[in-house]
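> got a sequence here, can you model it:
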Amino acid sequence: MARPGLLPAYAAARPMVFQLLRRAGRLGSFVHVQGGSTMIQLTDSDFRTMCAAGTVRERIGALEGERKAAVGKFWLRVIVGLAVSVAALAALWSAGWHGAAIVVFVILLFGTFIAAAAPLMAAKEGLKLPVLEEVARKAGMEYFASDFVPPVFGSARALLFGGDGFSSETYSDLFNGADEEGRGFAIYEASLQRRAGKNTYSVFCGQIYAIQRRPGHQGRIAIVPDRKLFNFWKPASDMERVRIEGDEAFEKAFEVYSTRPMEARELLFDSAFRALLLELRKNGRVCLYAGPEEALLAVNGKDRFEPGSMLRSRPGEERVRLMFDDVCASLGLLREFRAKLG
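Below is the predicted model of the structure:
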């Protein structure tokens, strides 16, 4: 994984590096076309323009026919797959191979639903990808569905999520950009899981907001949810616990650690910023990392940037609106994050 924070050092080589990484399918941290543009605030006018012409209009027009065909294939594959699964179960069971019968039945059932869902997924991606690419373009950013190195995550993962590795980690839906001074910013989704014995549990599932900061910061700050009886654990040996006096609600919800406590207190002196973190905390886990050069905010939440279930009939414009509104909401939070830590 590319180390976040190193790529800006070779800004002059960005165009060539950008092309190489895109061809390899692995966009590194904040690599952007030279002369990045400021993130643009999207409006209803942008939504109407996007739906009125071009690729998005074409995909909206073709979607319902593709969706109906995909639903037909879904039910056909479910019926055939269930019939084959039950027949295999009955045949093996009657032969006395009870254990094998159950194993084969489960495998065939699992494969049935994977095969049945494939046409629905193809129809969904056929709308989602061009829409999100166009929304990102209008916002002055670029969109990558998958196969990228998550910006800043390498610097923050041990402090926010512990030093152990993940049994499963998936990153998707990257919106990547840079401002007029070349500082990168990004939004992407992450799903992180760990294994404990035979069980697997979710560590984090939601959106991640990553930025490059202006020079002038020296310490590292980690803000993590309160761990109750386990709050004696420090994210790193050189960090100190920082108390936020006078805000009992914040103290109950979060633990703050820093290598430079004064920087942490200065960051959280702003009551509006503390209130924002508390509001985000209502929806689940919220973590924040702030380093000398980069910062990352992880917000637990639902899977965003999706057009909705393809089993249900729904106007194409409504599906586009769902994705458009999700991007607008995420860009709004990114702006607040950059205004405070950028």
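
> please make it C-alpha for all contacts and neighbour counts, starting now.
OK.

> straight-line length of stretch 243-259, end to end?
14 Å (Cα to Cα, to the nearest Å).

> with adjacent residues omitted, what lies nearest to Gly184?
Among residues not flanking Gly184 along the chain, Ala178 sits closest, at 4.1 Å (Cα to Cα, 6 or more residues apart in numbering).

> quick one: the one you found from Arg285, how far?
27 Å.

> poorly predicted segments of the chain, please.
1-39, 229-232 (pLDDT under 70).

> the strands in the stretch 151-300 of the chain, which residues?
In the stretch 151-300 of the chain, the segments counted as strands under DSSP state E, counting those that start in this stretch are 168-178, 184-196, 199-212, 221-225, 240-242, 254-258, 286-290, 294-300.

> ok, now the stretch 1-150 of the chain?
Taking DSSP E, counting those that start in this stretch to define them, one finds strands in the stretch 1-150 of the chain at 142-144.

> if we can go back for a sec, would you agree the residue nearest to Gly184 is in contact with Phe185?
Yes. Between Ala178 and Phe185 there is a contact under Cα atoms under 8 Å: 5.8 Å.

> end-to-end on stretch 255-271?
Using Cα to Cα, the end-to-end distance of stretch 255-271 comes out at 16 Å.

> what's the spacing between that stretch and its chain's center?
26 Å (Cα atoms, centre = their mean, to the nearest Å).

> which other residues reach it?
218-227, 231, 234-235, 238-244, 274, 340 (Cα atoms under 8 Å, 6 or more residues apart in numbering).

> give the PyMOL command for selecting the buried subset of these.
Those of the contacts of stretch 255-271 that count as buried under 16 or more other Cα atoms under 10 Å are selected in PyMOL with:
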select buried, resi 219+220+221+222+223+224+225+226+234+235+239+240+241+242+243+244+274
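
> hang on, the earlier thing: who's more crowded, Ala178 and Phe185?
Phe185 (30 against 25; other Cα atoms under 10 Å).

> so that one touches Leu174, yeah?
No. Counting by Cα under 8 Å, Phe185 stays clear of Leu174, with 10.4 Å between them.

> and the protein, what are its domains?
Split into domains by automatic domain parsing, the chain comes to 8-48+141-341, 62-136.

> same list, those, but as JSON lines with distance to Thr55 please.
Formatted as JSON lines, those follow (distance: least, Cα to Cα, whole Å):
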{"stretch": "domain 8-48+141-341", "distance to Thr55": "12"}
{"stretch": "domain 62-136", "distance to Thr55": "7"}
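
> so which of these comes closest to Gly54?
Using Cα to Cα as the measure, domain 62-136 is the one of the domains of the chain that comes nearest Gly54, at 9.7 Å.

> between the two ends of that closest one, how far is it?
Using Cα to Cα, first and last residues of domain 62-136 are 22 Å apart.

> now the helices: where do they sit in this protein?
Ranges of helices within the chain are 14-24, 44-52, 54-94, 98-138, 153-161, 248-253, 261-268, 271-281, 316-341, based on DSSP state H.

> list the residues that contact Phe74.
Per Cα under 8 Å, 6+ apart, neighbours of Phe74: Ala115, Ala116, Ala117, Pro119, Leu120.
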